[in-house]
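1. generate a structure from the sequence data that follows.
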Amino acid sequence: MSETPQPADLIVFGGTGDLSMRKLLPALYHADRDGLLSPETRIIAMSRGGLADADFRGKVDAEVRDSVPVDDPGVWRRFLDRLHHVTIDIGGQDPTGWARLTGMLAGHEQRDRVFYLASPPMTFGPFCREVNRAGLVTPASRVVLEKPLGRDLASAQHINDEVGAIFHERQIYRIDHYLGKETVQNLLVLRFANAFLEPIWNSLWIDHVQITVAETVGTPGRRGYYDHAGALRDMVQNHLLQLLCLVAMEPPSRNDRESIRDEKVKVLEALRPITGSEVDRFTVRGQYTAGESGGAKVPGYLDEPDNTAPTEASRQVETFAAIRAEVKNWRWAGVPFYLRTGKRMPYRCSEIVVQFKDVPHSIFPGSAPNRLVLRLQPSEGIQLHIMAKEPGAGEVTLKPVPLGLSFAETFAGRVPDAYERLLLDVLAGNPTLFMRRDEVEAAWRWIDPIRSEWDAQTMPPEPYAAGTPGPAGALDLVARSGRSWHEENPA
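-> As a prediction, this is how the structure comes out:
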């Protein structure tokens, strides 16, 4: 990234929505606070809200200020002064908003111009067509697409075709915020900047890999979305498969914008397809019922408050998914990758666990295999679990102990939010941590047969009580090969 930030115009469609207020604007404020935005950079929110600039700034002041550290009121005022609002209804008949946006951007065609679509995927194509019709797409323009990108391969291809008709592939940034997390980036550094690990990063030394994204929250007020998404589309197709790619990828020839993405695509293409009757053997879907979370009783998915009445889709959608995946290449032959995600789990945790094989011949009783744990949340860090002797005379007693790296404790200063890193990468024109079209479509190509088989089943998802680690079928998925899920409360 250049030492001197270049002026840019960041136009956020859906700029008054939940994502913008909770994630994008706080991340941009932190970047401004750290001197990473040019003084001329503007943030222009687009919505149907009918707000004047002053109204939008007042809304941000009321809703965002308490969620960020404002230790210098002058910096906060400078950030607010960057903010503008344009009222636009995509597909509407009123051209006033486009005329105002065109006037604001006139004379700044050489600036980096970023269109961030913090909106549902069905709006991506219409927005791109209208912004192009308004003459606002320049060679220096980029567009950021939020997930989920479609509901299946066909819809993802349709969206990619619509957006690709207006923007070149090099201008399209498909965002997955997990790739902006420090631990994810440190996984690449850990593997490719340290000589000791890469020689044992293969099936000769690794028994299996677990990737877990567990949430304690349910879906109050979100059933309309979640009934038609489910854990497979919402989490596995993007977040978990992206993490799998970074664990399993081959060393890239260079640390540049395409080499890493090339290697990730190869992993997705090497995934063993799960089809037909194999779906029942290698996947598990569940739905939470009433239980306890955080010491309080909580309802099941079908009874969550603030939701519409449950439908047949509600009864069939999964809030939990577990999959046994395999990467069919020389490095990973025979190594299972267990993917797991769920809502209303016992604790919030996103982690990658690399379980090594036991020593070939143990001379000490009580030894256990080494384990590498990379935690993405709630506290980012890396732990290598090794065997050590407990102090004392007499018989040798072994105990597994962690060698830990906590980013918050080791590195001075604040650990940037994932969105902050990714937004700065967009402004710098660095697509390395964003998904390419072939990458997205390869992920859907692997997911679709599982989704199709689940949709064809008449039996509802396996129930699990809120506050428990998931349905019994998920335990059996790993137990069949003599393994167990890594369960360690990170709190």
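
2. tell me the domain ranges of this structure?
-> When the chain is parsed with automatic domain parsing, its domains come out as 8-146, 179-417+443-479.

3. let me know the average pLDDT across the longest helix seen in the chain.
-> If you go by DSSP state H, the chain has its longest helix at helix 437-456. Helix 437-456 shows a mean pLDDT of 95.

4. elements contacting that helix?
-> Counting contacts by 3 or more Cβ pairs under 8 Å, 6 or more residues apart in numbering; DSSP states H and E, helix 437-456 packs against helix 153-164, strand 172-174, helix 241-248, helix 259-270, helix 278-282, strand 283-289. C-beta coordinates here come from the backbone N, C-alpha and C atoms, glycine included.

5. quick one: closest of the ones you listed to R22.
-> Closest to R22 of these, according to Cβ to Cβ: strand 172-174, at 19.8 Å.

6. what's the first helix or strand after that closest one?
-> helix 182-192 (DSSP states H and E).

7. I'd like the mean pLDDT over the next helix or strand after that next one, please.
-> Moving toward the C-terminus from helix 182-192, the next helix or strand (DSSP H and E) is strand 206-214. For strand 206-214, mean pLDDT rounds to 96.

8. and if you look at stretch 12-24?
-> The model assigns stretch 12-24 a mean pLDDT of 91.

9. return the set of buried residues in it.
-> 12-17, 19-21, 23-24 (16 or more other Cβ atoms under 10 Å).

10. list just the nearest of the residues you listed to L376.
-> K23 (15.6 Å).

11. mind listing what that closest one touches?
-> By Cβ atoms under 8 Å, 6 or more residues apart in numbering, the contact set of K23 is 177, 417, 419.

12. among these, which one has the lowest pLDDT?
-> For the contacts of K23, the pLDDT minimum is D417, 81.

13. run a quick neighbour tally on it.
-> 18 (other Cβ atoms under 10 Å).

14. now it. Nearest residue, chain neighbours left out?
-> Leaving out its chain neighbours, the residue that sits closest to D417 by Cβ to Cβ, 6 or more residues apart in numbering is A27, at 5.2 Å.

15. next one: V359
-> Leaving aside its chain neighbours, V359 sits nearest to S367 (6.7 Å; criterion: Cβ to Cβ, 6+ apart).

16. same deal with H228?
-> Using Cβ to Cβ, 6+ apart, the closest residue to H228 is A313 (6.5 Å).

17. quick check: the one you found touching D227?
-> Yes. Between A313 and D227 there is a contact at 4.3 Å, judged by Cβ atoms under 8 Å.

18. quick one, which of the two is more surrounded?
-> Set A313 next to D227 and count neighbours by other Cβ under 10 Å: D227 wins out with 20 against 12.

19. contact partners for the more buried one?
-> Contacts of D227 (Cβ under 8 Å, 6+ apart): 311, 313-314, 317.

20. how near is it to P471?
-> Per Cβ to Cβ, to the nearest Å, D227 is found 19 Å from P471.

21. again with L51
-> Distance, L51 to P471, by Cβ to Cβ: 46 Å.

22. of those two, who's got more company?
-> The neighbour count for L51 versus P471, taken as other Cβ under 10 Å, is higher for P471 (23 against 19).

23. tell me the contacts of the more buried one?
-> Shown in contact with P471 (Cβ under 8 Å, 6+ apart): 284, 286, 320, 461-464.

24. out of the residues you listed, which sit inside strands?
-> Among the contacts of P471, DSSP state E puts 284, 286, 320, 462-464 in strands.

25. now for those, which pair is the farthest apart?
-> Distances among these were taken as Cβ to Cβ; the most separated pair is V284 and P463, at 12.0 Å.

26. and the two? Which one has more around it.
-> V284 (25 against 15).

27. in this structure that one contacts G473, no?
-> Yes. Under the criterion of Cβ under 8 Å, V284 makes contact with G473 at 4.1 Å.

28. list the residues that contact both of these two?
-> Common contact partners of V284 and G473 (Cβ under 8 Å, 6+ apart): 322, 462.

29. mind checking pLDDT for V75?
-> V75 is given a pLDDT of 91.

30. how about L25, secondary structure?
-> Secondary structure for L25, judged by DSSP: H, G, I helix; E, B strand; the rest coil, is helix.

31. do you know how far it is from P7?
-> From L25 to P7 the distance is 19 Å (Cβ to Cβ).

32. compare neighbour counts for the two and give me the winner.
-> L25 (24 against 15).

33. the closest residue to that one other than its chain neighbours and P402, how far apart?
-> Setting aside the residues directly before and after it, L25 is nearest to V64 in space (Cβ to Cβ, 6+ apart), at 5.2 Å. In this view, V64 and P402 are 37 Å apart by Cβ to Cβ.

34. higher neighbour count, those two?
-> More crowded of V64 and P402, by other Cβ under 10 Å: V64, with 21 against 14.

35. correct me if wrong: the more buried one contacts A27.
-> No. With contact defined as Cβ under 8 Å, V64 does not reach A27; the gap is 10.6 Å.

36. and stretch 218-229, end to end?
-> 14 Å (Cα to Cα, to the nearest Å).

37. in the protein, where is pLDDT below threshold?
-> Along the chain, segments meeting pLDDT under 70 span 1-3, 394, 407-408, 410-415, 489-491.

38. could you check the angle helix 241-248 makes with the longest helix of the chain?
-> Interaxial angle, helix 437-456 versus helix 241-248 (axes from the mean of the first three to the mean of the last three Cα atoms, to 10 degrees): 120 degrees.

39. helix, strand, or coil at M387?
-> At M387 the chain is in strand, as set by three-state DSSP.

40. what are the ranges of the helices in the stretch 301-450 of the chain?
-> With DSSP state H, counting those that start in this stretch as the criterion, the stretch 301-450 of the chain has helices at 312-316, 407-410, 418-428, 437-456.

41. burial count for the nearest residue to L246 once chain neighbours are set aside?
-> Nearest non-adjacent residue to L246, counting by Cβ to Cβ, 6+ apart: L187, 5.4 Å away. Using other Cβ under 10 Å, L187 is surrounded by 21 other residues.

42. what residues does R48 make contact with?
-> Contacts of R48 (Cβ under 8 Å, 6+ apart): 87-89.

43. need those residues in JSON lines (columns: secondary structure and neighbour count).
-> Below are these laid out as JSON lines (DSSP: H, G, I helix; E, B strand; the rest coil; neighbours: other Cβ atoms under 10 Å):
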{"residue": "T87", "secondary structure": "strand", "neighbour count": "18"}
{"residue": "I88", "secondary structure": "coil", "neighbour count": "23"}
{"residue": "D89", "secondary structure": "coil", "neighbour count": "12"}
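
44. of those, closest to H361?
-> Using Cβ to Cβ, I88 is the member of these that lies nearest H361, at 69.3 Å.

45. beta-bridge partners for I206, please?
-> F356 (DSSP bridges).

46. so which of the domains of the chain is nearest G429?
-> domain 8-146 (7.2 Å).

47. sorry, back to before: which single one of the buried residues of stretch 12-24 is nearest to Q210?
-> The closest of the buried residues of stretch 12-24 to Q210 turns out to be K23 (Cβ to Cβ; 27.2 Å).

48. pull the contacting residues for the spatially most central residue of the chain.
-> Most central in the chain under Cα atoms, centre = their mean is Y178, positioned 3.4 Å from the mean C-alpha point. Going by Cβ under 8 Å, 6+ apart, Y178 touches 184, 238-239, 242-243, 350, 376, 418.

49. next one: R483
-> For R483, the contact set (Cβ under 8 Å, 6+ apart) comprises 207-208, 338, 355.

50. pick out the most distant pair among these.
-> Pairwise distances across the contacts of R483 peak at 11.1 Å for D207 and Y338 (criterion: Cβ to Cβ).

51. no more questions from me, cheers.
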